[in-house]
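J.: Need a 3D model of the following:
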Amino acid sequence: MIKYIGSKRALLGQILAAISGVLPVGGPAGSRVLDLFSGTARVGHALKGAGYSVVANDHNAYAHTLATCYVQADAEVWADPARRILADLNRLPGQAGWFTQTYCEESRYFHPSNGARVEAMRNAILALACEPVLEAVLLTALLEAADRVDSTAGLQMAYMKQWAPRALRPLELRLPAMQPRPAAGPCQALSAEAEVAAAQVECDLAYLDPPYNQHSYLRNYHVWETLVRWDAPETYGIARKRLDCRTRVSPFNSKPGIGPALARTIAALRAPVLLVSFSDEGFLKRAALEQMLAARPFLRVLEIPYGRYVGAKIGIHNPRGEKVGTVGRLTNVEYLFLASDRPLDLPAALAAVPG
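T.: Alright, predicted model coming up:
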């Protein structure tokens, strides 16, 4: 999966253990889980693999594409047709155009040779006019291939002064690691604002991993948004961000906006059990989250040390590539708030985590 500052790869074990502790797969209470802010769909993908029926939601186009591939698409249906098309796409020569000029020449996210191949492949996928789920699988393969040869530190707010070694490797499409359909039933990917999806989906457990500070996922991954939308948007600045990065602003990225937005979203949820992931770097403090979850009388808060993203280790550099300032702390505390309308029976390993 793509490099992602919000990825919960290191916390998957604790997240799955917490969910399985209150919602056993195939248990009498059911096994439908809503992943309301799905991002790269890493959590939804793991939940599907564990046997849950998953509904993954995210309002960004690239995230909806990833969820369609990793949550909605069943491997037994889509792997073979996707594999055949990817083999054909891998043989295409480069086709430089708007994408190459914008992201390889005006900026330096990809080496021009790889940018031209991304462009040729994306145009070919558009021309195929595939069924939407198959198209999402192909686009996910392209996103991941481009991510493996990018020249960034993981965010698309800036790029390396010199080409990263991986940027000089040739781009290669690979079949995404899709999951078979779980016994609990089909999975689904939605693309709606969180509060809307919360009110629409009835589930046994809702997992929430909302944006928690001023850093917008759209701005951090605007190239992926453009690669999926393929709309040749007007861009601005050295980073060549999409112009709508200025107008598509989430209340979750606002200090005064996040509290009311998250409270409304939690109130709208149609689930007896909630698992909320939040960082101590966030705009909201632990007490505020606990108050929002108070309608469900049984609450357990787990505190887990969590390494910060790679940019924190690299430090801050000015436009000349000179390091400025000092590196701050390298570890955060990640909170998992588990709230339920019935008593919680957590696995022993989780119960031992302070909180």
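
J.: Sketch out the strands for this structure, chain order is fine.
T.: In the chain, the strands defined using DSSP state E lie at 32-35, 53-57, 188-190, 205-208, 235-236, 241-242, 273-279, 298-307, 316-317, 323-324, 331-340.

J.: Now for the residue nearest to Val249 when sequence neighbours are not counted: which residues touch it?
T.: The spatial neighbour of Val249 that comes closest, neighbours along the chain excluded (C-beta to C-beta, 6 or more residues apart in numbering), is Ser216 at 7.4 Å. Backbone N, C-alpha and C define where each C-beta goes, glycine included. Counting by C-beta atoms under 8 Å, 6 or more residues apart in numbering, Ser216 touches 245, 249-250, 253.

J.: among the strands of the chain, which is nearest Ile85?
T.: strand 188-190 (19.9 Å; C-beta to C-beta).

J.: Which strands or helices does the closest one pack on?
T.: Packing contacts for strand 188-190, counted by 3 or more C-beta pairs under 8 Å, 6 or more residues apart in numbering; DSSP states H and E, involve strand 53-57, helix 61-67.

J.: Now the ones you listed in CSV, please, with extra columns for mean neighbour count, mean pLDDT and distance to Ala87.
T.: CSV is the format used below for the helices and strands packed on strand 188-190 (neighbours: other C-beta atoms under 10 Å; pLDDT from 0 to 100; distance: least, C-beta to C-beta, whole Å):
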stretch, mean neighbour count, mean pLDDT, distance to Ala87
strand 53-57, 28, 97, 28
helix 61-67, 26, 98, 21
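
J.: Now a ChimeraX select for only the buried ones of the contacts of Ser216.
T.: Buried residues within these, by 16 or more other C-beta atoms under 10 Å, are selected in ChimeraX with:
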select :245,250,253
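
J.: I'd like to know which of the contacts of Ser216 is nearest to Met178.
T.: Using C-beta to C-beta, these come closest to Met178 at Ser250, 28.8 Å.

J.: Got phi/psi on that closest one?
T.: Here is the backbone geometry of Ser250 (degrees, to the nearest 10): phi -90, psi 140.

J.: so how far is Asp244 from it?
T.: Distance, Ser250 to Asp244, by C-beta to C-beta, to the nearest Å: 12 Å.

J.: Can you work out which residues contact both of the two?
T.: Leu218.

J.: Distance of the closest residue in space to Cys130 that isn't next to it in sequence relative to Glu334?
T.: Nearest residue to Cys130 in three dimensions, chain neighbours excluded: Leu138, at 6.8 Å (C-beta to C-beta, 6+ apart). Applying C-beta to C-beta, the value for Leu138 to Glu334 is 33 Å.

J.: If you count surrounding residues, which of the two has more?
T.: Leu138 (26 against 22; other C-beta atoms under 10 Å).

J.: How many residues are close by Ser254?
T.: 16.

J.: Tally up the residues packed near His246, please.
T.: Just to correct that, residue 246 is Arg rather than His. Around Arg246 there are 10 residues (other C-beta under 10 Å).

J.: what does Asn220 give?
T.: 18.

J.: What ranges does this structure have for its helices?
T.: Under the criterion DSSP state H, the chain contains helices at 12-22, 42-50, 61-67, 75-90, 98-100, 112-128, 132-148, 194-200, 217-220, 222-229, 255-268, 286-292, 310-314, 348-351.

J.: what's the angle between the fourth one and helix 112-128?
T.: Inter-element angle recorded for helix 75-90 and helix 112-128: 130 degrees (by axes from the mean of the first three to the mean of the last three C-alpha atoms, to 10 degrees).

J.: i'd like the first residue to be 604 from this point on
T.: Renumbered: residue one is now 604, and that last one reads helix 678-693.

J.: Buried ones in helix 678-693, by neighbour count?
T.: 678, 681-682, 685, 688-689, 692-693.

J.: What is that helix packed up against?
T.: Looks like helix 678-693 contacts helix 715-731, helix 735-751 (3+ C-beta pairs under 8 Å, 6+ apart).

J.: Same question for the third one.
T.: Using 3+ C-beta pairs under 8 Å, 6+ apart as the contact definition, the elements that helix 664-670 packs against are helix 735-751, strand 791-793, helix 825-832.

J.: Show me the contact partners of that helix.
T.: Here helix 664-670 has contacts from 604-605, 638, 641-644, 647, 659-661, 739, 742-743, 746, 792-794, 820, 824, 827-828, 830-832, using C-beta under 8 Å, 6+ apart.

J.: Just the C-alphas of that helix, formatted as CSV.
T.: The C-alpha coordinates for helix 664-670 follow below in CSV (Å, rounded to 0.1, in the frame of the first residue of the first chain):
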residue,chain,number,x,y,z
ALA,A,664,-11.4,10.2,-4.6
TYR,A,665,-8.1,8.4,-4.2
ALA,A,666,-9.1,7.0,-0.8
HIS,A,667,-12.4,5.8,-2.3
THR,A,668,-10.5,4.1,-5.1
LEU,A,669,-8.2,2.3,-2.6
ALA,A,670,-11.2,1.2,-0.5
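
J.: residue ranges with poor pLDDT in the protein?
T.: 609, 629-633, 910-933, 950-958 (pLDDT under 70).

J.: circling back to that earlier point, tell me the most buried of the helices of the chain?
T.: Most buried of those, by mean neighbour count (mean count of other C-beta atoms under 10 Å): helix 664-670, with a mean of 26.

J.: re earlier: could you measure from the residue nearest to Val852 over to Leu793?
T.: Distance from Ser819 to Leu793, by C-beta to C-beta: 20 Å.

J.: Right, I'll call it a day here.
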